[in-house]
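Q: Sequence below, structure please.
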Amino acid sequence: MKKILVTGGAGFIGSHLCERLLNEGNKVICLDNMFTGTYENISSFFDNKNFEFVNANVINPLQLEVDMIYNLACPASPIHYQYDPVMTTKTSFMGALNVLDLTRRMGVKVLQSSTSEIYGDPLVHPQVEGYRGNVNTIGPRACYDEGKRVAETLFFDYHRQYDVNIRVVRIFNTYGPRMLENDGRVVSNFIVQALHNKDITIYGSGEQTRSFCYVDDLVDGLIKMMEQDGFVGPVNLGNPCEMTILDLAKMIIEKTGSSSKLVFKELPEDDPVKRKPDITLAKEMLNWKPCVDISDGLDKTIEYFREKY
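A: Numbers count the residues shown, from 1 in each chain. Below is the predicted model:
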């Protein structure tokens with residue numbers, strides 16, 4: 001039995017990762033400050049003797065003994081990471097520093113959840129790991145984008161300088177049950193609006209594209225990256241099936257049987273026009289690719305929100 005720390009473990013992706021690790025027979029320490037994490041996400045784990053919850057912030061030094069670490073702590077939606085941009089940057093930078101110091105002391109392996117946002121508004125499509133990005137370093141999204149970039153820097157510097165056993169993944173748009181309904185992400189936004197027959201808000205023309213990966217597929221990729229040896233990344237994890245925001249909205253209206261109308265608003269500053277991962281490296285190094293198609297994944301996500309509301 002391994003003792004595994006998941007920072008940000010009460011969040012959307014983190015709670016699914018905790019659940020999978022518990023189901024595989026591990027002892028899981030979930031560390032979260034509950035800014036975007038919720039007790040509802042992890043409430044079903046509290047009866048499991050192998051689950052431990054620690055209410056703490058990764059910007060503070062960590063005093064734990066574990067066998068491996070998944071670092072997922074950081075608000076990931078614009079509404080939340082722009083609420084306190086200084087804290088967002090501190091979470092990425094100081095959180096990485098504290099996680100890496102713990103990893104170095106314990107001599108264990110650690111996985112950093114980076115993001116497709118490090119590519120910014122990309123000029124290369126689809127995005128490959130070697131692409132260095134097109135990021136506005138002083139814009140309203142920079143606290144998240146640049147925070148994640150400096151976290152990657154720290155991880156690779158600790159690897160080169162101290163021989164820390166790292167892995168870095170770049171997560172693309174992910175969706176599924178336990179998403180927050182008010183976090184501004186397009187899938188949860190559209191579903192909640194559609195279920196209430198409210199106007200569906202599309203920013204810009206709706207022709208901008210995203211590639212949506214179901215959370216179970218993403219968690220599978222995280223675990224495969226952690227379990228292999230000899231490859232530190234970075235590696236893209238996401239679904240390369242690209243679609244426009246407009247098509248997503250129409251699909252959700254159809255699936256929910258909603259009477260919602262589409263309304264268009266101005267596109268936020270620095271919002272990427274295109275987003276699609278090249279997952280060649282993930283296929284080669286991890287034998288990983290997403291299995292859940294967008295239609296099936298949306299059905300599961302809609303059912304979650306329908307039951308909740």
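Q: what separates the lowest-mean-pLDDT helix or strand in the chain from the chain centre, distance-wise?
A: Among the helices and strands of the chain, helix 78-81 carries the lowest confidence by mean pLDDT, DSSP states H and E, at a mean of 82. On the basis of CA atoms, centre = their mean, to the nearest Å, helix 78-81 sits 13 Å off its chain's mean C-alpha point.
Q: How about stretch 63-81?
A: The answer for stretch 63-81 is 10 Å, by CA atoms, centre = their mean.
Q: circling back to that earlier point, now for the least confident helix or strand of the chain, which elements pack on it?
A: Counting contacts by 3 or more CB pairs under 8 Å, 6 or more residues apart in numbering; DSSP states H and E, helix 78-81 packs against helix 142-162. Bear in mind the C-beta positions are built from the backbone N, C-alpha and C, glycine included.
Q: how does it look with 6 Å?
A: The contact analysis (3 or more CB pairs under 6 Å, 6 or more residues apart in numbering; DSSP states H and E) places helix 78-81 against no helix or strand.
Q: between the next helix or strand after that helix and helix 142-162, what angle do the directions make?
A: Sequence order places helix 85-106 as the next helix or strand after helix 78-81, per DSSP states H and E. Here helix 85-106 points in a direction 20 degrees away from that of helix 142-162 (axes from the mean of the first three to the mean of the last three CA atoms, to 10 degrees).
Q: For helix 85-106, the averaged confidence score.
A: On average, the pLDDT along helix 85-106 is 96.
Q: buried sites along it?
A: 87-100, 102-104, 106 (16 or more other CB atoms under 10 Å).
Q: where exactly do the strands run in the stretch 1-150 of the chain?
A: 3-7, 27-32, 51-55, 68-71, 109-115 (DSSP state E, counting those that start in this stretch).
Q: Out of these, flag the one nearest residue 122.
A: Smallest distance to residue 122 across the strands of the stretch 1-150 of the chain (CB to CB): 12.7 Å, for strand 109-115.
Q: Any chance of the strands of the stretch 1-150 of the chain in JSON lines with distance to residue 249, mean pLDDT and mean neighbour count as columns?
A: Below are the strands of the stretch 1-150 of the chain laid out as JSON lines (distance: least, CB to CB, whole Å; pLDDT from 0 to 100; neighbours: other CB atoms under 10 Å):
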{"stretch": "strand 3-7", "distance to residue 249": "33", "mean pLDDT": "98", "mean neighbour count": "25"}
{"stretch": "strand 27-32", "distance to residue 249": "32", "mean pLDDT": "98", "mean neighbour count": "24"}
{"stretch": "strand 51-55", "distance to residue 249": "37", "mean pLDDT": "98", "mean neighbour count": "16"}
{"stretch": "strand 68-71", "distance to residue 249": "33", "mean pLDDT": "98", "mean neighbour count": "26"}
{"stretch": "strand 109-115", "distance to residue 249": "24", "mean pLDDT": "98", "mean neighbour count": "24"}
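Q: pLDDT below threshold where in the stretch 151-300 of the chain?
A: Within the stretch 151-300 of the chain, the ranges that satisfy pLDDT under 70 run 270.
Q: Tell me where it has strands.
A: Under DSSP E, counting those that start in this stretch, the stretch 151-300 of the chain gives strands at 165-171, 174-175, 200-203, 209-211, 213-214, 235-237, 242-244, 262-265.
Q: Out of the ones you listed, which one sits most buried?
A: Among the strands of the stretch 151-300 of the chain, strand 235-237 has the highest mean neighbour count (mean count of other CB atoms under 10 Å), at a mean of 27.
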